[in-house]
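Engineer: this is the structure alone, sequence omitted:
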């Protein structure tokens with residue numbers, strides 16, 4: 001359970017960095033508390049998308065993974081971010097990613113920041 005919380009907080013932090021760096025990834029809210037709550041909910045949606053959908057997409061794109069020497073991973077991450085944006089809209093969360101190339105760059109930022117936060121934060125496996 002502690003590992004789940006740490007990964008969710010790392011995703012929320014990574015999403016916050018992407019929102020901060022990219023103008024076309026938006027998170028709106030009346031107050032800072034509402035934005036933080038929305039960010040955590042979006043991180044949960046993002047984690048769920050990555051847990052349920054991403055493995056299926058990776059299996060289906062395995063030949064492209066080999067053909068592109070792994071660069072298709074950037075596209076898969078972008079698609080997961082766009083799916084998260086779409087689901088957030090359906091769940092009435094104020095998170096939006098505008099455009100495919102923004103999603104590619106956002107996915108790259110989220111991957112790097114999430115990896116760095118997962119290295120720094122304790123995961124409870126000691």
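Structural biologist: That came in fine, so what should we check first? Here the structure is a predicted model, which means the values were calculated and not measured.
Engineer: would you agree residue 91 is in contact with residue 45?
Structural biologist: Yes: shown here, residue 91 and residue 45 form a contact pair, counting by Cβ atoms under 8 Å, at 6.9 Å. Any C-beta I mention is one placed from the backbone N, CA and C, and that applies to glycine too.
Engineer: give me the more crowded residue out of those two.
Structural biologist: For residue 91 and residue 45, the more surrounded residue by other Cβ atoms under 10 Å is residue 45, and the numbers stand at 21 against 11.
Engineer: can you tell me the SS state at the spatially most central residue of the chain?
Structural biologist: When Cα atoms, centre = their mean is applied to the chain, the residue found nearest the centroid is residue 46 (5.0 Å). Here residue 46 takes the helix state, with states given by DSSP: H, G, I helix; E, B strand; the rest coil.
Engineer: for it, what are its contacts?
Structural biologist: Counting by Cβ atoms under 8 Å, 6 or more residues apart in numbering, residue 46 makes contact with 11, 15, 80, 81, 84, 110.
Engineer: so which of those residues sit within helices?
Structural biologist: Within these, residues falling in helices by DSSP state H are 11, 15, 80, 81, 84, 110.
Engineer: any of these buried? List them.
Structural biologist: Applying a neighbour-count criterion of 16 or more other Cβ atoms under 10 Å, the buried members of these are 11, 15, 80, 81, 84, 110.
Engineer: what's the closest of those to residue 54?
Structural biologist: residue 80 (5.5 Å; Cβ to Cβ).
Engineer: who's in contact with the closest one?
Structural biologist: With contacts defined as Cβ under 8 Å, 6+ apart, the neighbours of residue 80 are 46, 49, 50, 53, 54, 57, 107.
Engineer: repeat that with 7 Å
Structural biologist: Taking Cβ atoms under 7 Å, 6 or more residues apart in numbering as the contact definition, residue 80 lies against 49, 50, 53, 54.
Engineer: now list the buried members of the residues you listed.
Structural biologist: Neighbour-count burial (16+ other Cβ under 10 Å) is assigned, among these, to 49, 50, 53.
Engineer: narrow those residues to those in helices?
Structural biologist: Among those, the subset assigned to helices under DSSP H consists of 49, 50.
Engineer: make CSV out of the buried ones among the contacts of residue 80 and add distance to residue 73 and pLDDT.
Structural biologist: Written out in CSV, the entries for the buried ones among the contacts of residue 80 read as follows (distance: Cβ to Cβ, whole Å; pLDDT from 0 to 100):
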residue, distance to residue 73, pLDDT
49, 15, 94
50, 12, 91
53, 14, 93
